[in-house]
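Asks: With the sequence up front, the predicted model follows.
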Amino acid sequence: MLSQDNTHSDYLDSILSRHQHNTHNLLQMLREAQEHYGYIHSEAIDYLAQQLQSPRSMIEGVASFYSLLYLQPQGDYRVLFSDNITDRMLGNIDLMESMCGQLWVEVGKVSEDGLVSINTTSCTGMCDQGPAVLINNIAINHLTQDRINSLCELIRERVPLSGWPLEFFAIEDNIYKKDILLDSNFKSGSALAEVLKRSSEETLQEIKTSKLRGRGGAGYLTGSKWEFCRIAVSEQHYVVCNADEGEPGTFKDRVLLNTYADMVFEGMTICAHVINAKKGFIYLRGEYRYLLDHLNAILQRRRQQGLLGNNIFGHANFNFDIEIHLGAGAYICGEESALIESLEGKRGTPRNRPPFPVTSGYLNQPTVVNNVETFCAASLIGLHGGAWYADVGIETSSGTKILSVSGDCARPGLYEYPFGVTVAQVLADCGAKNTQAVQISGPSGICIAANEFERRIAFDDLPTAGAFMVFDESRDMFEVARNFVHFFKHESCGFCTPCRVGTSLLSNMMNKLANGHGSPYDFTEIEKLNVLLLSTSHCGLGHSACNPVLDTIAKFRPAYDKRLTHKEYIPAFDLDYALSQARQMTGRDDTGAHLERIHVSK
Amino acid sequence: MSQNNKTPHNKNQATFILDGKTIPFTEGQTIIQAAMASGEYIPHLCFNPEFKPHGSCKICTVTANGRQTASCTQQTQADMVVESNTKPINDERRALLQMLFVEGNHFCPSCEKSGDCQLQATAYELNMMSPHFDHFSPDRPLDSSHAEYLLDYNRCILCSLCARASSDVDGKNVFSLAGRGIKTHLIVNAKSGKLADTDFTGDDKAAHVCPVGVIIKKRVGFAVPIGKRSFDEHPISATPHPKVRDV
C-alpha cells in the first residue's frame, strides 16, 4: 500500500504546489492528475483530500460531474466519437462499430487487455471536418474507413500518439467569408494603444456607443454589463472569457482562439481596464485541450510585450493577467453561473439568480463573463471606436456575426456577415442544395423550415450563438430532434427535478417512437412534458431541452406522424427485446428464441 | 384557513398577495419563508426552514407576478401577486412528484417511513393517484454497514438536505452529491463508500433531516404503528414544521 501511496503523491505533489494547494483549482488538479495517471485513482482522491484538507466526498462529487474525467481505469487509448447530428450524418456510428469490431471492444467498455475504450461524446466542435474523434483528448477529424483502419493498426501496435502521422491531427480553420473581424489583420497591442489614450470612462462609452451585444446567445448589451460590474463596489473584479463552446454545431471560438487569440486577450484586457480587474480567466472547454499550449505561449509573448502583467503599456497601476482554466466535458458550464462554479473548482451547477455575476460572480466578486467573439469585437471597438462599429449591421444588431456552418452544404466552415443577412444568403454562399431545414444556434436554438429562409440573422429575428446546421431533403427531422434530445439528457446537470428526470423521460419517449411503439397518446405526453420543462426548470438547459421537439413537431409533423403507427397506446416495453440479453448469452437467434410481437392496436 | 392572516402585522409592514390573501413579509424573506411564517402551506420537499433554500426539487413552484419561479428561492417583493394553490400549478407539481417517484424505487407499503414521509404525504396532498410515467427502476444497493443507521438510496430524491445539514450544522461533510444528470446520486465521505467508515453518528443533524426514507434508524422502524404516524393524523398541509416525527 505504501508504494501505491507514493505513486500518487509523486505526481500529485507537483500538481498541488503548482496550484498553491488551492481548492478553487480542484478541477484543474483533477484534470492534470488524470493526464498523468490515465484516470483518477481513489487513492489519488484520498491524497488530494488530505493535502487540501477537504472532504473526499466533495472531490469525488466534482470529479464524477465531468464526463471527461474518469474514476475507473480506461483504455490506454480512450477513443471518444463526437456524436452531434452532423457526425451522424457523416456516418460516425458505422465507423465506431467498425473500430469496435476491429479492436474487439464494446461501446462504453474497456477492452479486456486494457488497451482501448471506445464511447461517444457530445459534439467536439469539429462539425465542419467530421466525423471527429478525441483520442486521449486529442482531436482527429475527417474520419474515413481508411483512417479508422489506420487508427486501429496504430492502437493495436501500441504506437504512442506522439508517433502517429501528423496529418491525422490537422485541424482546419475553414474560413470562407471574412468581414470586419476575421479580415482585420489585427496587430497585438494596437487596440490597447488606442484605449489607453482615453480614460476608462471614455472606453466604456465607446463600448456603449457601439451597441455591441453579447455573442454567446443571450445578447445582453456588453456596455451595460461592463458598467454594472464597474460600479459594483468590491475588493476585486474579474474578467472571464467563456470559451466553453459546447453548443452542438458551434466551432467559431475554436478558430478565433487558434488564429485570432490576440484579439481575444486584448478584448479581455480592455474590459479589465474598464472594470478595474486585475485577473482574468479563459474557461476553455476540455475538448479544446490541444489549444492550451498554443494559448499559453501567446499569453507569455504578450507578457513579454508588456501587454499583460504589471504596468501594462507603461501605465502605472494597470495590472492585469490571464489564466486559462480547462473544463472537462460539461455543456452546462457554458451557462455563466455554472461556469463560475466550475472555475471555483466545483460541480458545474447553475446558481440561483439574482445575484448576477456582474455583482457576485467568481468568488462572489463582480465579474464580467463574455463570449470569445464578444471580446474580439471589443478589441475592434477599442481600435476603431464605437460609432464605427455601430455603423456595421442593422439598427437592432450592430456589427457582424460569425456563423459556424455545417451539415448538408458544399463548404462547411466559418462565415462572417454583418447582422441582417438572410438565411437564404448564407445557404447560397455555403453551397447548400435542396435544403429542408436549418437549425439556428444549435439544439437550444430554433429550427426553421424552407418557408422561413428569408428571415434574418439578428437579435430581433433569429438570434444565434453561431451554429448553423443545414439539413437537406434527405434528412429525417425526427432523428435530428431525437439526437438533440439525447444531447440534453446527457448534459443535464441533474440539479433540478424537471430537467434531470424530464430530459430522460423525453429521450425515452422519442426512443419509443423510433422503435415503432408510438401512438397519439405519446405525442400528447411529449407536448405536456415540454410545457413542464419550460415552466419549471432551473436554467436555460431545461427550458430549451424541448425546443428541438417543439420546433420539429410544428414544422415537420409528417416525420412524427409516420412514427405514430398505433391508434391507441401501447407500452414501450417490448417482450421480444427483453429477451435479447438471453439470446446474446446463449448465442441463439433462431425463431424459437423470439417472441412474436404482440400489438394491441386495432 | 382564515381569510385574514394569522400573524398580526402593522399597517406599515410590506405585504404581498398569496392566492388572494395578504401576507406580510420582512426584507430578504423568500416567498415560501413568508408564507410559512403566516401559516400558509406551499408544497415543498428540498426546502426546510432551518436551512438556506436550495431550489432543486421545484415542487414549491408558484407564479409570481405572472412568472413561474421556485418560491423557496424567489425573494418576496412588496405587492407581488403570487398564485400557488391553482389547478395548473398543482398539476405541474403532481407531474414533478411523479417524476421523483419513477426516478427512484419507492415502495410505500413496505417502507418503514410510510406515514412519516414527506414525498408520500405531498403526493396524497396533491391527489397523485398513479406514477404515470414508466419506472426507471434504478439499481441502488442499500448500505447497512453502520451499526445504528441504514441508508436506503432507493428512496433518495437528491434534495441534499443531509449534505447541507452535515456540512453547515455538523461540520462533517458526511454526504455529498456525485455524478451528473440522471446519474446524480448521494455518496458518503469514505473511500469504501460505506457509512460505517465515516464519522456519522445518530447525534448529527444530518441523521434527522431526510424528508423521505433514506437515512433510517435501525430497529425502531415500526415502533409507531402505521395509522398513528405524523401524516396519518393530519395532511402535510396542516402539519407544522418540523414535519417529520423524529425517531
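Replies: Thanks, I have the structure now. Numbering: from 1, shown residues only, chains lettered A, B, ... in the order given.

Asks: Can you give me the neighbour number for the residue lying closest to residue A:236 once chain neighbours are set aside?
Replies: In space, and not counting its chain neighbours, residue A:236 is closest to residue A:365: 4.6 Å by CB to CB, 6 or more residues apart in numbering or on different chains. Bear in mind the C-beta positions are built from the backbone N, C-alpha and C, glycine included. Applying the criterion other CB atoms under 10 Å in any protein chain shown, we find 18 residues in the vicinity of residue A:365.

Asks: Residue B:211 too?
Replies: Applying other CB under 10 Å, I find that residue B:211 has 26 neighbouring residues.

Asks: what does stretch A:551-571 rub up against?
Replies: Outside of stretch A:551-571, the residues within contact range by CB atoms under 8 Å, 6 or more residues apart in numbering or on different chains are A:436-437, A:446-449, A:476-478, A:480-481, A:513-514, A:516-523, A:526-527, A:599-602, B:134.

Asks: Need the residue closest to the centroid of chain B.
Replies: residue B:45 (2.0 Å; CA atoms, centre = their mean).

Asks: how's chain A carved up into domains?
Replies: Domain assignment for chain A, taken from automatic domain parsing, gives A:2-63, A:77-172, A:176-391, A:400-475, A:476-602.

Asks: Please narrow the contacts of stretch A:551-571 to those residing in strands.
Replies: A:436, A:437, A:446, A:447, A:448, A:449 (DSSP state E).

Asks: show me what contacts the second one?
Replies: In this case it means residue A:437. Neighbours of residue A:437 in contact, by CB under 8 Å, 6+ apart: A:447, A:448, A:449, A:450, A:471, A:475, A:477, A:480, A:555, A:556.

Asks: Now for residue A:412, how many residues are close by?
Replies: Residues near residue A:412, counting by other CB under 10 Å: 25.

Asks: Tell me the span between the first and last residue of stretch A:376-394.
Replies: 19 Å (CA to CA, to the nearest Å).

Asks: residues from chain B in reach of chain A?
Replies: Proximity of chain B to chain A, by CB under 8 Å from any CB of the partner chain, involves residues B:53, B:55-59, B:61, B:68, B:70, B:73, B:75, B:92, B:95-96, B:99-100, B:102-103, B:133-134, B:136, B:157-158, B:173-184, B:187-191.

Asks: List only those of the residues you listed flagged as buried.
Replies: Taking 16 or more other CB atoms under 10 Å in any protein chain shown as the criterion, what is buried in the residues of chain B next to chain A is B:53, B:55-59, B:61, B:68, B:70, B:73, B:75, B:92, B:95-96, B:99-100, B:102-103, B:133, B:136, B:157-158, B:173-182, B:184, B:187-190.

Asks: and the residue of the stretch 351-500 of chain A found nearest chain B, what are its phi and psi?
Replies: Chain B sits closest to residue A:494 of the stretch 351-500 of chain A, with a gap of 3.3 Å, by CB to the nearest CB. Residue A:494 adopts backbone torsions of phi 90, psi 0, taken as degrees, to the nearest 10.

Asks: Okay, domains of chain B per the record?
Replies: According to automatic domain parsing, the ranges for chain B are B:15-85, B:113-233.

Asks: start to end distance for the longest one?
Replies: Just to be clear, that refers to domain B:113-233. From start residue to end residue, domain B:113-233 stretches across 15 Å - CA to CA.

Asks: number of nearby residues for residue 237?
Replies: No chain was given, so I picked chain A. For residue A:237, the neighbour count with other CB under 10 Å is 24.

Asks: switch to chain B, that's the one I care about
Replies: Using other CB under 10 Å: residue B:237 sits among 17 other residues.

Asks: what's the answer for residue A:74, then?
Replies: Counted with other CB under 10 Å, residue A:74 comes out at 17.

Asks: what's the answer for the one 5 residues further on, then?
Replies: For residue A:79, the tally of surrounding residues (other CB under 10 Å) stands at 25.

Asks: same thing with the one 10 residues further on?
Replies: Residues lying near residue A:89 (other CB under 10 Å) number 23.

Asks: So it sits against residue A:408, correct?
Replies: Yes. Residue A:89 is in contact with residue A:408 according to CB atoms under 8 Å; the separation is 7.2 Å.

Asks: Give the rounded mean pLDDT of the helix ranked longest in chain B.
Replies: Taking DSSP state H as the criterion, chain B has its longest helix at helix B:87-103. Taken as a whole, helix B:87-103 has a mean pLDDT of 98.

Asks: what does it rub up against?
Replies: A:497-498, A:500-502, A:505, A:528, A:532, A:535-536, B:43, B:45, B:57-59, B:61-63, B:83, B:119, B:122-123, B:126-128, B:130-136, B:138, B:157, B:182.

Asks: what's the answer for stretch A:194-202, then?
Replies: Applying CB under 8 Å, 6+ apart, the external contacts of stretch A:194-202 come out as A:203, A:206, A:230, A:270, A:273-274, A:276, A:312-313, A:315, A:318, A:382-383.

Asks: Export only the CA atoms of that stretch, formatted as PDB.
Replies: Output in PDB follows, covering the C-alpha atoms of stretch A:194-202 (Å, rounded to 0.1, in the frame of the first residue of the first chain):
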ATOM      1  CA  GLU A 194      -5.800  53.500 -28.600                       C
ATOM      2  CA  VAL A 195      -7.700  52.600 -25.500                       C
ATOM      3  CA  LEU A 196      -5.000  53.900 -23.200                       C
ATOM      4  CA  LYS A 197      -5.200  57.300 -24.900                       C
ATOM      5  CA  ARG A 198      -8.600  57.500 -23.400                       C
ATOM      6  CA  SER A 199      -9.900  57.300 -19.800                       C
ATOM      7  CA  SER A 200     -11.700  54.100 -18.800                       C
ATOM      8  CA  GLU A 201     -15.000  56.100 -18.700                       C
ATOM      9  CA  GLU A 202     -14.400  57.000 -22.300                       C
END
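
Asks: starting at the chain centroid, how far to that stretch?
Replies: 34 Å (CA atoms, centre = their mean, to the nearest Å).

Asks: Could you do stretch B:102-118 as well?
Replies: Distance, centroid of stretch B:102-118 to centroid of chain: 14 Å (CA atoms, centre = their mean).

Asks: Now do the buried residues in it.
Replies: B:102-106, B:111-118.

Asks: which among those residues gets closest to residue A:189?
Replies: Within those, proximity to residue A:189 (CB to CB) peaks at residue B:103, which comes in at 54.8 Å.

Asks: ok, that closest one to residue A:22 distance?
Replies: Here the criterion is CB to CB, to the nearest Å. By it, residue B:103 lies 36 Å from residue A:22.
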